[in-house]
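Asker: Fold the following and give me the result.
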Amino acid sequence: MEIPPPRCKFSGIFLFIIISLFFGLISFISCIVAEIKRNKKGDLRWNGKLCFLPSSQAFEFGIAALVSFFLAQIIGNCIILKNYCSGRKRNVKCKIPAIAKALLLISCRVGFGIAVIMLISATSMSSRQPYGEGWLNGECYLVKGGTYIGSAILILVALASSIIASLLSTANTTQADESRKVHAQMG
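Answerer: Next up is the predicted model:
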């Protein structure tokens, strides 16, 4: 009696999706905390000519959000790449329209790019801005309210589209190939 081959290696893929989701949620939560901990107008010191802004805890949470978001995207992209490059036949019933694939890819990449740009600029503004140096051209800048929240929303969009693409890319032929094999052996 032959042991049938596994129908789907979904458990390994599911584990990577959970890990990607975990890192994405860490990034999301770090953005929310960074929004709460960011510098406010009251933290800005002005001596008439020069400004000073102390470092805030938003800097550390912004770095944590960036690192975990990169890890989530790398894991999600590896899953998608592995499934598309595996050479397995896809189930005709699960065929994804090309426009849906393009929209998922665009929303994932654009959301990732904009979120990273927002996080990098907000995080660098949250570091210490000494007298005379500031953040840019000797001027102090405060992170505008809602910047980290906007990044958190974009993180969710990019993460969701990456996970959906990962799940859709795991669809392979199982029942269609199995039924053809059974009919071929009987006939």
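
Asker: nearest residue to residue 51 other than its sequence neighbours?
Answerer: Spatial nearest neighbour of residue 51, chain neighbours left out: residue 140 (3.8 Å); criterion: C-beta to C-beta, 6 or more residues apart in numbering. C-beta: built from backbone N, CA, C; applies to glycine.

Asker: what about the one you found, how many neighbours?
Answerer: A count of nearby residues for residue 140, using other C-beta atoms under 10 Å, gives 21.

Asker: which residues does it contact?
Answerer: If a contact means C-beta atoms under 8 Å, 6 or more residues apart in numbering, then residue 140 has 44, 51, 52, 53, 129, 134 as its contacts.

Asker: Mark which of those residues are buried, thanks.
Answerer: Burial by neighbour count, judged by 16 or more other C-beta atoms under 10 Å, picks out 51, 52, 53, 129, 134 from the contacts of residue 140.

Asker: Using a markdown table, lay out these together with pLDDT and distance to residue 147.
Answerer: Converted to a markdown table, the buried ones among the contacts of residue 140 look like this (pLDDT from 0 to 100; distance: C-beta to C-beta, whole Å):
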| residue | pLDDT | distance to residue 147 |
| --- | --- | --- |
| 51 | 75 | 19 |
| 52 | 78 | 21 |
| 53 | 76 | 15 |
| 129 | 74 | 16 |
| 134 | 61 | 18 |
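
Asker: Same list, those, but as a markdown table with distance to residue 19 please.
Answerer: Formatted as a markdown table, the buried ones among the contacts of residue 140 follow (distance: C-beta to C-beta, whole Å):
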| residue | distance to residue 19 |
| --- | --- |
| 51 | 43 |
| 52 | 41 |
| 53 | 37 |
| 129 | 36 |
| 134 | 40 |
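
Asker: Helices of this protein, residue ranges please.
Answerer: Here the chain has its helices, by DSSP state H, at 10-37, 58-84, 98-125, 147-169, 175-186.

Asker: Turn the ones you listed into a markdown table, columns for mean pLDDT.
Answerer: As requested, these are exported to a markdown table (pLDDT from 0 to 100):
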| stretch | mean pLDDT |
| --- | --- |
| helix 10-37 | 85 |
| helix 58-84 | 83 |
| helix 98-125 | 82 |
| helix 147-169 | 82 |
| helix 175-186 | 50 |
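
Asker: Now render those helices as a markdown table, adding mean neighbour count.
Answerer: As requested, the helices of the chain are exported to a markdown table (neighbours: other C-beta atoms under 10 Å):
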| stretch | mean neighbour count |
| --- | --- |
| helix 10-37 | 18 |
| helix 58-84 | 20 |
| helix 98-125 | 17 |
| helix 147-169 | 21 |
| helix 175-186 | 10 |
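
Asker: quick one on the thing from earlier: gap between the residue nearest to residue 51 and residue 71?
Answerer: Distance, residue 140 to residue 71, using C-beta to C-beta, to the nearest Å: 32 Å.

Asker: contacting residues for the residue lying closest to residue 114 once chain neighbours are set aside?
Answerer: Of all residues not flanking residue 114 in the chain, residue 154 sits nearest, at 5.6 Å (C-beta to C-beta, 6+ apart). By C-beta under 8 Å, 6+ apart, residue 154 lies in contact with 111, 112, 114, 115, 118.

Asker: Much appreciated, bye for now.
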